[in-house]
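**Student:** kindly generate the corresponding structure for this input.
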Amino acid sequence: MTKAPVIVWFRRDLRLADHVALSAASARGPVIPLFIHDETVEAMGAAPRWRLGEGLSVFAGALKDAGSRLILRRGKALDVLKDLVGETKATAVYWQRVYDRDGIARDREVKAVLKDAGLEVRSFSGAVLFEPWDVATATGGPYKVFTPFWRAIRGREVAPPVSVPARLVVPAEWPRSERLDDWAMGAAMNRGATIVAPHAVIGEAAARRRLDRFIAERLCRYAEDRDYPALDATSGLSENLAWGEISARSVWQAGFAAHENGVPGAEKFLSELAWRDFAWHLMYHFPDMDRANWRSDWDGFPWRDDNADAERWRRGRTGEPFVDAAMREMYVTGRMRNRARMIAASYLTKHLLTDWRVGLKWFADCLIDWDPASNAMGWQWVAGSGPDAAPFFRIFNPATQASKFDADGAYRAAYIAEGQSNPPATARAYFDAVPRSWQLLADAPYPGPIVDLKAARERALAAYRR
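**Tutor:** Below you'll find the model as predicted:
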């Protein structure tokens, strides 16, 4: 142990358990937990930034309960860290890795400058099951298809989660901290924040309870029920994984234990967790995946830029009830069921022939479980331009999908108020969440379809053939 403090820089890893950087720092000396509101936070959409702010509030409370505190600073990461090192005489800075292009560039600059200044700078794993460079094909390259990626990792041992540090030593003197409220991280949500808030499950303790309840109550039917959006069939942990309130390794450990005990659905759940790893594997090796067609031959496809039809899609007013229910669910809860995401994305990119980046940007603004890698891979997968993509000619018909996965209309009724004499609270809440400038009313007529599904499908296939 040394008397000089270690700065632990938290990012999307708001937890105490299985935090390798925090554990290493606590074994070395006094710890100064730090969060920086830098340019990557500033670039976040409205819902993710609000959710991050809520997560920071809960995490600060957890640190306080552990006898520590969270220091908040705003500015360029390198400048903030240099200032804090000067103020505290810290001799080391630790953090857990990120894998997106902008985050990697930022971290490399910080590490180089601080090391040149004589500090110990260390980065650790923690966001994924396996580091992207540790999973490779027989020729040493990255995997580009999920199935062989899954085969490569399913038999591997995942490193066990590390425990919460027994004690966090505090510095002799705490540096100043900014006030979270002054950052106004929910400002862009406007009135939508009060609608979404009851649906958010925030913080490490809540994430653990959510996992335990899922394993005990719903995992056994996960494989059969997960595609039916009206059912409470999934773990919901995408929200907590997105902000690192629980680690992928902790979730894997619980799922694998259930698998070993023969619980049906466990292996399917583990494979979905591996999909998240696969997305970050791709994002690391193909850093433009969130902004450029992964398959360059798609650069000539005649997708439309943003347009009036896309605006109706954003507002949940396409006239296709399954699509509109999905978009409204996102506005009310901050999340969207996986099957619904695929249908909404297919409708935008194929029936409306709109560029997948238009949809990616909207999801990045509206999802509280926004994950840059999963969002990018999901959109390109559906559009047909990405890795492991669904063929373009696989066009989800929202009416057919509704008859199969929402046969009794329960999901659609939960989010579409128009036409119901007594719509449920979730359907009415949509009209309280959307911008007033949209001038939408629950008792207004439901809109007619933007396009004829059959004709739009033929138009998409004709464009693909050309």
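
**Student:** and for Arg312, the neighbour number?
**Tutor:** Arg312 has 18 neighbouring residues, counting by other Cβ atoms under 10 Å. Any C-beta I mention is one placed from the backbone N, CA and C, and that applies to glycine too.

**Student:** helix or strand: which one has it?
**Tutor:** Here Arg312, judged by DSSP states H and E, is contained in helix 308-314.

**Student:** send me that helix as CSV with only the CA atoms.
**Tutor:** Output of helix 308-314 as CSV, limited to C-alpha atoms (Å, rounded to 0.1, in the frame of the first residue of the first chain):
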residue,chain,number,x,y,z
ALA,A,308,-41.2,12.6,-44.4
ASP,A,309,-42.0,8.9,-44.3
ALA,A,310,-39.1,8.4,-41.9
GLU,A,311,-40.6,11.2,-39.7
ARG,A,312,-43.9,9.3,-39.5
TRP,A,313,-41.9,6.2,-38.5
ARG,A,314,-40.2,8.1,-35.8
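
**Student:** what residues sit buried inside it?
**Tutor:** Asp309, Ala310, Arg312, Trp313, Arg314 (16 or more other Cβ atoms under 10 Å).

**Student:** so how far is that helix from its chain's centroid?
**Tutor:** 23 Å (Cα atoms, centre = their mean, to the nearest Å).

**Student:** can you give me the mean pLDDT across it?
**Tutor:** Across helix 308-314, pLDDT averages out at 98.

**Student:** go on, stretch 439-451?
**Tutor:** On average, stretch 439-451 scores 94.

**Student:** distance between the ends of it?
**Tutor:** Stretch 439-451 has its terminal residues 23 Å apart, counting by Cα to Cα, to the nearest Å.

**Student:** what of stretch 431-445?
**Tutor:** 14 Å.

**Student:** just the terminal-to-terminal distance for stretch 149-159.
**Tutor:** With Cα to Cα as the measure, the first residue of stretch 149-159 is 18 Å from its last.

**Student:** buried residues of that stretch, list them for me.
**Tutor:** So, applying 16+ other Cβ under 10 Å, buried residues of stretch 149-159: Phe149, Trp150, Ala152, Ile153, Val158.

**Student:** and the average pLDDT for that stretch is what?
**Tutor:** Averaging pLDDT along stretch 149-159 gives 95.

**Student:** before we move on, what about stretch 280-287?
**Tutor:** Averaged over stretch 280-287, pLDDT sits at 97.

**Student:** now do it: everything it contacts.
**Tutor:** Identification of contacts with stretch 280-287 by Cβ atoms under 8 Å, 6 or more residues apart in numbering yields 99-101, 104, 127-128, 132-133, 135, 142-144, 149, 289-290, 294, 372-373, 376-377, 387.

**Student:** in helices only, show me these.
**Tutor:** Among the contacts of stretch 280-287, the ones falling in helices (DSSP state H) are Arg101, Ile104, Phe149, Pro372, Ala373, Ala376, Met377.

**Student:** from the buried residues of stretch 149-159, which is closest to Ser23?
**Tutor:** Val158 (17.0 Å; Cβ to Cβ).
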